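# with the input below, show me the fold.
(one chain, ligands or ions: 4)
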Amino acid sequence: MRLSRYFLPILRENPAEAQIVSHRLMLRAGLVRQSAAGIYSWLPLGLKVLRNIERIVREEQDGAGAIELLMPTIQSADLWRESGRYEAYGKEMLRITDRHERDMLFGPTNEELITAIVRDSIKSYRDLPRNLYHIQWKFRDEVRPRFGVMRGREFLMKDAYSFDIDKDAARRAYEKMFVAYLRTYARLGLKAIPMAADTGPIGGDLSHEFIILAETGESAVFCHGDLIDQDILGETIDFEGDLKPLIERWTGLYAATDEKHDAARFEAEVPADKRLSARGIEVGHIFYFGTKYSKPMGAVVTGPNGETIELEMGSYGIGVSRLVGAIIEASHDDAGIIWPASVAPFKVGIVNLKAGDAAVDAACEKIYAGLESAGIDVLYDDTDERAGSKFATMDLIGLPWQVHVGPRGLAKGIVELKNRKTGERSELALDAVVATLT
Ligand code: ATP
Ligand code: MG
Ligand code: MG
Ligand code: MG
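Numbering: from 1, shown residues only. Ligands and ions are numbered 1, 2, ... in the order given. Take a look at the predicted model:
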């Protein structure tokens, strides 16, 4: 992509309304614009990041055996009356009346809708287990939408729902998601810690929140320090095998959000120098809740002996749009965002330090064409801005690699390569750029 033809509205000044660094940087780097309190438009650069996160989430859900579908944003209130949650959900639910005076709502979550779909389609235990997910916009009329996309009112969530014949099978479904979540966050370049959590209005008795430690986090959390650097991507995982030993490695060490925190246990189980008491951002939440929805909604199957069995269910959410903010909270410096390669909107930025100079233009074009044909997503700053402002923009938008091309270096046949994360610069022969970055 050529910057001269792109849509990248950069803000040079810090927007007054943004209280935390990720919100500031998302506005400044032209990722989002607010359209109403807690409701955002995703500009091209932000949308690319959102899509990259979605892709990783999707690959890991598929890898764990979940199946993608797509449910609507608008739901009928009737389903929520069946589960009893229409009244219970309260003011966070955006209620809508259609022209025929029917009560509708913008879905804050989808347990009811998916339970109805499965109830009408799955009749026999032979069709189980199933785990169905979608990646769809949700609306929750948060009292205090704030921190940009971190606590929006409209936000993108991946939500999966598992259906099983009994508790053991439901626990296996839960374990698969637990491991898929660990892998997902690790691939996003994040250190997310699973913590015993309260189940809240979703209900049930087995639940973990996945938390990223950050000073700006809204939850108080307590955990064993060793949890931070545990590796998951080095493991070969057989989702059909026994996942318990792996999960034990995470759940065996103390980790709890403040609702579940037990100070006495924390002190007894965790040595003083390993006790971490911090703030965290909830980037995912998994629940096992048994028959909470299948019972009132009559979601049953026929068992092997002809008996009627209520489905055992769980649900599994990932805050896809919140993750964009969370990744920035975890990875930035004074100059701007530092995207992990897996989600970066472009992998490389080419900076033309003297647009209009025939030799510099030609060298940039050559690198640009070479990278594009190698399948690398590249942003070429071909504008006639000053060099200083081009550097500032590149640092702000945080692409993993920058290639600086100017007349002085070119006279010697070289360009400069900069690693955004380490700040390291190296000189490179013009002809070696494409091979180095591919
Ligand atoms: P929170 O405690 O932050 O209000 P929640 O516990 O109400 O979140 P869940 O119902 O567990 O949220 O939804 C699953 C995931 O959706 C959360 O873990 C979070 O990452 C994301 N999420 C929830 N509410 C919002 C929001 N208002 N804006 C952005 N993401 C959200
Ligand atoms: Mg909430
Ligand atoms: Mg929560
Ligand atoms: Mg939650």
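
# now the residue in the chain positioned nearest to ligand 1, nearest residue through space, not along the chain?
Relative to ligand 1, the nearest point of the chain is G319 (2.2 Å; C-beta to the nearest ligand atom). From N, CA and C alone the C-beta is placed, and that goes for glycine too. Nearest non-adjacent residue to G319, counting by C-beta to C-beta, 6 or more residues apart in numbering: V283, 5.4 Å away.

# doesn't that neighbour lie inside a strand?
Yes. Per DSSP: H, G, I helix; E, B strand; the rest coil, V283 lies within a strand segment.

# quick one on the thing from earlier: give the contact list for the residue of the chain closest to ligand 1.
Contacts for G319 (C-beta atoms under 8 Å, 6 or more residues apart in numbering) come out as 155-157, 282-284, 326.

# near ligand 1, which residues of the stretch 301-438 of the chain show up?
By C-beta under 6 Å from any ligand atom, the part of the stretch 301-438 of the chain that sits against ligand 1 consists of 317, 319, 321-322.

# how does it look with 5 Å?
317, 319, 322 (C-beta under 5 Å from any ligand atom).

# quick check: the last one is in a helix.
Yes. The assignment for R322 (three-state DSSP) places it in a helix.

# can you show me the helices along the stretch 51-200 of the chain?
77-83, 85-88, 111-121, 167-187 (DSSP state H, counting those that start in this stretch).

# what average pLDDT does the shortest one get?
In this model, helix 85-88 has an average pLDDT of 94.

# buried stuff in that helix?
For helix 85-88, the neighbour count (16 or more other C-beta atoms under 10 Å) marks 85-86 as buried.

# right, is it up against ligand 1?
No. Helix 85-88 lies out of reach of ligand 1 by C-beta under 5 Å from any ligand atom, never closer than 12.5 Å.

# now swap in the last one and tell me
No. Contact of helix 167-187 with ligand 1 is not found when judged by C-beta under 5 Å from any ligand atom; the minimum separation is 10.4 Å.

# hmm, D262 is touching A256, no?
Yes. Between D262 and A256 there is a contact at 7.1 Å, judged by C-beta atoms under 8 Å.

# which one of these two has more residues nearby?
A256 (21 against 13; other C-beta atoms under 10 Å).

# not counting its neighbours along the chain, what's nearest that one?
Nearest one to A256, counting by C-beta to C-beta, 6+ apart, is A196 at 4.8 Å.

# bridging residues for H332?
Beta-bridge partners of H332, counted by DSSP bridges, are I337.

# I'd like the numbering to begin with 52 instead of 1 from here.
All set: I'll call the first residue 52, so the last point we hit is now H383.

# number of nearby residues for it?
18.

# spit out the contact partners of it.
Here H383 is in contact with 72-73, 76, 389, 449 (C-beta under 8 Å, 6+ apart).

# could you dump the residues you listed to CSV with distance to D154 and neighbour count?
Supplementary listing: those in CSV, determined by distance: C-beta to C-beta, whole Å; neighbours: other C-beta atoms under 10 Å:
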residue, distance to D154, neighbour count
V72, 41, 21
S73, 36, 27
L76, 40, 24
I389, 46, 22
G449, 45, 26
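
# run a quick neighbour tally on I298.
I298 has 17 nearby residues by other C-beta under 10 Å.

# for it, grab phi and psi.
Note on I298: backbone dihedrals following degrees, to the nearest 10 are phi -60, psi -40.

# thought it was touching V230?
Yes. Using C-beta under 8 Å, I298 is in contact with V230, at 6.9 Å.

# shaky segments in the stretch 202-351 of the chain?
Residues of the stretch 202-351 of the chain meeting the criterion pLDDT under 70: 250-256.

# I'd guessed H312 sits against S270; true?
No. If you go by C-beta under 8 Å, H312 and S270 don't touch, sitting 10.5 Å apart.

# what residues does the stretch 152-301 of the chain have near ligand 1?
193, 202-203, 206, 208.

# among those residues, who's most crowded?
G203 (26 neighbours).

# surely that residue is in contact with V375?
No. G203 is beyond contact range of V375, at 10.6 Å (criterion: C-beta under 8 Å).

# for stretch 424-439, what is the average pLDDT?
So the average pLDDT for stretch 424-439 ends up being 97.

# return the set of buried residues in it.
Result for stretch 424-439 [16+ other C-beta under 10 Å]: buried residues 427, 429-434.

# same question, stretch 127-143
127-128, 130-131, 133-134, 136-137, 140.

# in a markdown table: these, plus distance to L183.
Conversion of the buried residues of stretch 127-143 to a markdown table gives the following (distance: C-beta to C-beta, whole Å):
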| residue | distance to L183 |
| --- | --- |
| S127 | 19 |
| A128 | 22 |
| L130 | 16 |
| W131 | 19 |
| E133 | 19 |
| S134 | 17 |
| R136 | 19 |
| Y137 | 23 |
| Y140 | 22 |
